[in-house]
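Student: how does the following fold in three dimensions:
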Amino acid sequence: MSTELGHLALALALLSGLCLAVFPALGVWRNDRRLMDMATPAAYWQLLLVALAFACLIENFVTHQFSNQLVANHSNRDLPLNYRVAASWGSHEGSMLLWILMLAGWTAAVAALSGNLPQGLRARVLSVLGAISIGFYLFALLTSNPFERAVPAPLNGRDLNPLLQDPGMVFHPPLLYMGYVGFAVAFAFAIAGLLEGRFDSAWARWVRPWTNVAWAFLSLGIGLGSFWAYYELGWGGWWFWDPVENASFMPWLTGTALIHSLAVTEKRGNFRSWTVLLAIMAFSLSLLGTFLVRSGVLTSVHAFATDPTRGVFILIFLCLVIGGSLSLYAARAHAVHAGLAYGLMSRESMLLANNILMVVAMLAVLLGTLYPLVLDSLGQGRISVGPPYFDAVFVPLMLPALLLMAVGPLARWRQTPVPALAHRMRWAFAASVTTGVLLPLTAPSDYKPATALGLIMALWVASGVVMAGLENMKSPSGPLDPLRLRLQPGAWWGMQLAHLGVAAFVAGVTLVSSYEVELERKLAPGEVLQVDRDLALRFAEARLIRGPNYDGVQVRFEILRAGDVVGELSPEKRRYAASRQVMTEAAIRRSLGGDLYVALGEAVGDAWAVRVQKKPAVNWIWIGVVMMGLGGFWAAADARYRRRVGAAAAVPSGSAEPLR
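Tutor: Take a look at the predicted model:
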């Protein structure tokens, strides 16, 4: 019964999406407030119906309704309850329904929280979101129905992919999709602005919190996916430039440029064209990522193996979105007026350089991701574009971006005297360079200039945050007053926290890339592996284990430091009964200073092949990502965004008001 109810709810949600797309647009055209007011109940009904459909799907998984084809393919009677719930979005069809639920949630949130918007603009934004939802409803109902029947119904299911039977996969897709879909709101505001011809400071202030929240969710989603791959896949890497990883990273880069461009549009009325195009690009790249993951053109642990028909549907939808939005931009370009003039050395110029660097980096990632696919489709053979290309192209682009990250917030709008800026940053520069150059000398390995450069950049970004705080503590009378920081808005605090997160991330990447140790040995019970001068592992014992839907072997290693046992690690080899897949479960001893990572290979008699890795400061990577995400949420919570605002006055040319 719940299967039919879910299908019906999804079909009715399509009707709600049609009402949401048509009636507000018709109301704007006729200047009919009653039609425009229909947007809010349509958005609420849409969310209610999609939530009902998703609840029906979860109920199918929880109660083992193997008459549902999706449940039969991705669940099993032995699957634990939490993974049965997560299995509802662990497949192509289920994840698309989750995507639609997220879109309905964002749309309802805009309807509920946009009472301070002019009615016409609000109606246009909700109408665009309704039009987007129609495309996804048709995609789900026509090509990816999560409520298809299995005839005859099997007695048991095939089981969820063992790689997805992990707590990380319970939270990773929802966070990632919240970011993906959240950029639809910025896209809708851009299209509504083009239609209305409005891109003033008030418009930018309405868009900023939605964009910050979407960017924060996407940051956390990407970070959690990286963390999951690190401990679950058994190879100990945190990023491999996998095409599906790139598919989520490209909208993140564009979204990063967008949140900075919006700040300039709000404060100075500049970068309006940049802001509109970046909003279109961010959502278009989210759709491109959907196409890459679901079209069957990629082979990845993250991708869904699906038929190309679905890919054709998404590709057509992608072309309609990109082609339609860019055509509208070309037709309405006269509405995107230029802003105030600014000099070469100004905050605007530095943020413009940031936009250019982020977009060029995105294009470099896009080229490395799509080029092998294009060659393959043209019959020119298969090639692999991996970390060497991305490291060689991406890292040099990020160095000037990091340099600007510390300087930009201290520069003035319109024009900044170079000597004054250099004077303010002199101690930060000296401390960053001196510390970054000297720190690698304390490492036991050879001196590495690349390590010094990475540490200099991390310290430089952190020093920029410190300098921004000191600048804002200056009182008119001269002495520093820490209480003045309380005057700074939430957007300023969020920016500083996110920039500190970038510093932690860069430091973590630098240290783990420079000083990680990896050993592969065959060990038998009682044997000892020396990891470094002080640290060793001793094979203590191996024993059989049994889980709810798997059995396997667990090997216990004792951690020795100076000959004393200081801990244990117990990696596993699991064999899942339903799928008969063998999986590696790494064991990790975590600390802020670094991880000791142990994974099992194959058994050789009583001995086991063992991979041991020592990864200094690797957790700083994910700590930095969490700080970035929290910074985005903090900035979005700024009280200014909840007030009814009009057109903001331009900032005086000599103002040192911080970017926020």
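
Student: any idea how many residues pack against the residue lying closest to Ser114 once chain neighbours are set aside?
Tutor: Nearest residue to Ser114, sequence neighbours excluded (CB to CB, 6 or more residues apart in numbering): Arg122, at 5.1 Å. C-beta: built from backbone N, CA, C; applies to glycine. Residue neighbour count, defined by other CB atoms under 10 Å, stands at 23 for Arg122.

Student: before we move on, what about the one 5 residues further on?
Tutor: The local packing of Ser127 (other CB under 10 Å) involves 26 other residues.

Student: same thing with Leu315?
Tutor: Applying other CB under 10 Å, we find 15 residues neighbouring Leu315.

Student: I figured it was touching Leu288, is that so?
Tutor: No - contact criterion CB atoms under 8 Å: Leu315 and Leu288 do not qualify, at 9.3 Å.

Student: so how far is Phe136 from the residue nearest to Ser114?
Tutor: 22 Å (CB to CB, to the nearest Å).

Student: against which helices or strands is the helix or strand bottoming out on mean pLDDT in the chain packed?
Tutor: Lowest mean confidence among the helices and strands of the chain (mean pLDDT, DSSP states H and E): helix 308-331, at a mean of 85. With contacts taken as 3 or more CB pairs under 8 Å, 6 or more residues apart in numbering; DSSP states H and E, helix 308-331 sits against helix 119-143, helix 167-196, helix 272-294.

Student: for the helix or strand following that helix, the distance to its chain's centre please.
Tutor: The first helix or strand that comes after helix 308-331 along the chain, using DSSP states H and E, is helix 347-377. Helix 347-377 sits 17 Å away from the centroid of its parent chain (CA atoms, centre = their mean, to the nearest Å).

Student: now do helix 347-377 against helix 272-294, angle only.
Tutor: Calculated by axes from the mean of the first three to the mean of the last three CA atoms, to 10 degrees, helix 347-377 forms an angle of 30 degrees with helix 272-294.

Student: run the chain-centre distance for the following helix or strand past helix 347-377.
Tutor: Counting by DSSP H and E, the next helix or strand C-terminal to helix 347-377 is helix 387-407. Distance of helix 387-407 from the chain centroid (CA atoms, centre = their mean) equals 19 Å.

Student: next one: stretch 382-398
Tutor: Distance, centroid of stretch 382-398 to centroid of chain: 20 Å (CA atoms, centre = their mean).

Student: from Phe171, how far out is the nearest residue to Gly179 once chain neighbours are set aside?
Tutor: Spatial nearest neighbour of Gly179, chain neighbours left out: Leu218 (2.5 Å); criterion: CB to CB, 6+ apart. For Leu218, the distance to Phe171 (CB to CB) stands at 14 Å.

Student: same drill for the two, tell me which one is more crowded.
Tutor: Taking neighbours as other CB under 10 Å, Leu218 and Phe171 compare with Leu218 leading, 29 against 15.

Student: what residues does the more buried one make contact with?
Tutor: Counting by CB atoms under 8 Å, 6 or more residues apart in numbering, Leu218 touches 175-176, 178-180, 182-183, 248, 251-252, 255.

Student: middle-most residue in this structure, spatially?
Tutor: Central residue of the chain (CA atoms, centre = their mean): Leu218, 2.6 Å from the mean position.

Student: which residues of the chain score low on pLDDT?
Tutor: Low-confidence segments of the chain (pLDDT under 70): 1, 294-308, 338, 478, 642-660.

Student: go with 50
Tutor: Applying pLDDT under 50 to the chain flags residues 300-305, 645-659.

Student: residue boundaries of the strands in it?
Tutor: Taking DSSP state E as the test, the strands found in the chain are 517-523, 528-530, 535-546, 550-561, 564-569, 572-576, 582-585, 587-589, 594-604, 607-616.

Student: what lines up beside the third one in the sheet?
Tutor: Take DSSP bridges as the rule and strand 535-546 pairs in its sheet with strand 528-530 (antiparallel), strand 550-561 (antiparallel).

Student: for the longest one, which positions count as buried?
Tutor: By 16 or more other CB atoms under 10 Å, the buried positions in strand 550-561 come out as 550, 552-560.

Student: who's in contact with Asn68?
Tutor: With CB under 8 Å, 6+ apart, Asn68 has these contacts: 3, 57, 60, 146-150.

Student: out of these, which comes closest to Ala586?
Tutor: Of all the contacts of Asn68, Leu57 has the smallest distance to Ala586: 31.9 Å, by CB to CB.

Student: any idea how far that closest one is from Ser2?
Tutor: 8 Å.

Student: for Pro118, same thing?
Tutor: Counting by CB to CB, the gap from Pro118 to Ser2 is 42 Å.

Student: before we move on, back to that, can you add distance to Ala140 and give the buried residues of strand 550-561 back as CSV?
Tutor: Shown next, in CSV, are the buried residues of strand 550-561 (distance: CB to CB, whole Å):
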residue, distance to Ala140
Tyr550, 32
Gly552, 37
Val553, 42
Gln554, 42
Val555, 45
Arg556, 47
Phe557, 47
Glu558, 52
Ile559, 50
Leu560, 55
